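1. Starting from these lines, generate the structure:
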Amino acid sequence: MPHKVNAYILGLLEFDREEVVLNREQLRQIDYKIDQIIKNLDGTADSQKAYSPYKVWILPEYKISFNMSNDGPAIDHVRLGYYHHRIILDVSMRVTEKSFEDLRAIRDLLHNFFRREIIKSITSFYINKYDEDSQDCTIKFIYTYPLIVIESGAGFIASGQDYADTIFSDATTSFFFKIPESPIIPKNHYVRVSIPCTFLYSSGKPGRGFFWNLINAIYFGGLYEKKKRDREDQNNKNEFDEDILRNLTRLMLEHVAEVQFSVTDMKLSLLAIILAIIAIFITIITIVNK
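-> Numbers count the residues shown, from 1 in each chain. All right, here's what the predicted structure looks like:
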C-alpha cells in the first residue's frame, strides 16, 4: 500500500540590505516575476487564492520526472507559495514501500528542481522602491531546506527491522527523537534531523498547530540562523553545518515538544473540569430524585 508523502522545500529570501519591509506594490513586483516563471513552466495561479495576500501557483506534475530504480512516486500536486521573505514548494505524492529507499534521491531531485527552475530565476531580481516612503532592494540569495513528511510513517518505523536494534539505528546514530501530539487520542511523531533535510514520520496526518510549530522551528532555528551567520561572515552558502543542526534540533525539542506537552496538559485539565462538572450534575440529580 502506498504511503502519502509531502515534500516541502522551505525557502528564505536574503536581500542586499538588512531590515527589508516590502510594501504592497513591491510584493506585487515579486508576485509578477514569479508568475512569469510559473507560466514558462506551464503552470497557473491558484484561482482559490486570487484575492489572498499569500500567492499560490500550481505547476503541472509532468514537469517533475523521477528516474528511479524502483517504482517512482505518483505525484498528486505541485504547488508554490510566496509571501514577503518566505517561498515554499509543496509536492504531494504517493510512494510505495519498495521506493522508500529512494526517498533521499527524491528529496534531492525536488530540491534541485526548485533551485534550478525557480530560485535561480528570482535571485538578483531588482525591486523598485515605488514611492518615497520605501527603499529599493535586490534579492541577493535564497536559502532552502527540505522537510519530508511521511504520513502514517510512525507505524513504518515501529515495524522496521532497522529500529528493532536498541543501539544501532537512526534513533542513536542521528538526531532522532519522538514528539507526542496533543489530541485526546494521542499521536506519536518521529523526527530525524540532518544537514540535507528533516524527515517527519507522522502518526496519521499531523495536526495543524503541530505542523505550524515544526515549520517555524525549521525557519527560526535553521534558515534564519543560517542567514544571520552568513551575513556576519559576508558569505552566502546554502548548506547547514553541525552548529546549525544542533541549534535546529534544540529548538525543535525545546519549542515544538514543550508546546505539545503544554497543550496536552491544558486539554487534560479541561477534560478534568468537564468530568467534575458532569459529576456535580449527576450528584445534584441524584439528590433531587430521592
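2. Confidence-wise, which helix or strand of the chain is lowest on average?
-> helix 257-289 (a mean of 58; mean pLDDT, DSSP states H and E).
3. who touches the closest residue to Arg17 other than its chain neighbours in this structure?
-> Closest residue to Arg17 apart from its sequence neighbours, by C-beta to C-beta, 6 or more residues apart in numbering: Cys137 at 5.9 Å. Glycine gets a C-beta too; all of them are placed from N, C-alpha and C. Contacts of Cys137 were listed using C-beta atoms under 8 Å, 6 or more residues apart in numbering, and they are Phe15, Asp16, Arg17, Val20, Gln26, Tyr126, Ile127, Lys129.
4. could you say what helices and strands the strand or helix carrying Met93 packs with?
-> Using DSSP states H and E, Met93 maps to strand 86-95. With contacts defined as 3 or more C-beta pairs under 8 Å, 6 or more residues apart in numbering; DSSP states H and E, strand 86-95 has these neighbours: strand 3-15, strand 74-83, helix 103-114.
5. If we use 7 Å, what do you get?
-> strand 3-15, strand 74-83 (3 or more C-beta pairs under 7 Å, 6 or more residues apart in numbering; DSSP states H and E).
6. just the angle between the helix or strand following the first one and strand 86-95, please?
-> Later in the chain than strand 3-15, the nearest helix or strand by DSSP H and E is helix 24-40. With axes from the mean of the first three to the mean of the last three C-alpha atoms, to 10 degrees as the basis, helix 24-40 and strand 86-95 are set at 30 degrees to each other.
7. Summarise which helices and strands helix 24-40 is packed against.
-> Secondary-structure packing of helix 24-40 (3+ C-beta pairs under 7 Å, 6+ apart): strand 55-59, strand 74-83, helix 120-122, strand 126-127.
8. And the ones you listed: which comes nearest Ile34?
-> Ile34 lies closest to strand 74-83 among those, at 5.7 Å (C-beta to C-beta).
9. the inter-axis angle of the closest one versus strand 55-59?
-> Relative orientation of strand 74-83 versus strand 55-59 (the same axes, to 10 degrees): 150 degrees.
10. ok, back up a step: most neighbours among the contacts of Cys137, which one is it?
-> Highest neighbour count within the contacts of Cys137: Ile127, with 23 neighbours (other C-beta atoms under 10 Å).
11. can I assume that residue is in contact with Asp31?
-> No. With contacts counted by C-beta atoms under 7 Å, Ile127 stays clear of Asp31, the gap being 11.0 Å.
12. low-scoring stretches of the stretch 51-200 of the chain, by residue?
-> 68-70, 155-165, 182-186 (pLDDT under 70).
13. now the most centrally placed residue in the chain: how far from Gly11?
-> For the chain, Ile215 is the residue whose C-alpha lies nearest the centre (C-alpha atoms, centre = their mean; 4.4 Å). According to C-beta to C-beta, to the nearest Å, Ile215 and Gly11 sit 12 Å apart.
14. rewinding a little: most tightly surrounded among the helices and strands packed on helix 24-40?
-> Ranked by mean neighbour count, the helices and strands packed on helix 24-40 are led by strand 55-59 with a mean of 21 (mean count of other C-beta atoms under 10 Å).
15. Put the alpha carbons of that strand into PDB.
-> C-alpha atoms of strand 55-59 as PDB (Å, rounded to 0.1, in the frame of the first residue of the first chain):
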ATOM      1  CA  LYS A  55       0.100  34.000  -3.600                       C
ATOM      2  CA  VAL A  56       0.000  30.300  -4.700                       C
ATOM      3  CA  TRP A  57       0.700  28.800  -8.000                       C
ATOM      4  CA  ILE A  58       0.000  25.300  -9.400                       C
ATOM      5  CA  LEU A  59       2.600  23.500 -11.600                       C
END
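16. Could you check how far Leu13 is from Leu27?
-> For Leu13, the distance to Leu27 (C-beta to C-beta) stands at 12 Å.
17. Compare those two (neighbour count), which wins?
-> Leu13 (23 against 16).
18. who are the neighbours in contact with the more buried one?
-> His85, Ile87, Ile139, Ile142 (C-beta atoms under 7 Å, 6 or more residues apart in numbering).
19. Would you confirm that the last one belongs to a strand?
-> By that I understand Ile142. Yes. Ile142: assigned to a strand according to DSSP: H, G, I helix; E, B strand; the rest coil.
20. Now do the same contact list for it.
-> Gly11, Leu12, Leu13, Glu14, Ile87, Ile119, Ile122, Thr123.
21. how far away is the fourth one from Ile119?
-> Meaning Glu14. In this view, Glu14 and Ile119 are 11 Å apart by C-beta to C-beta.
22. who's more crowded, these two?
-> Ile119 (23 against 19).
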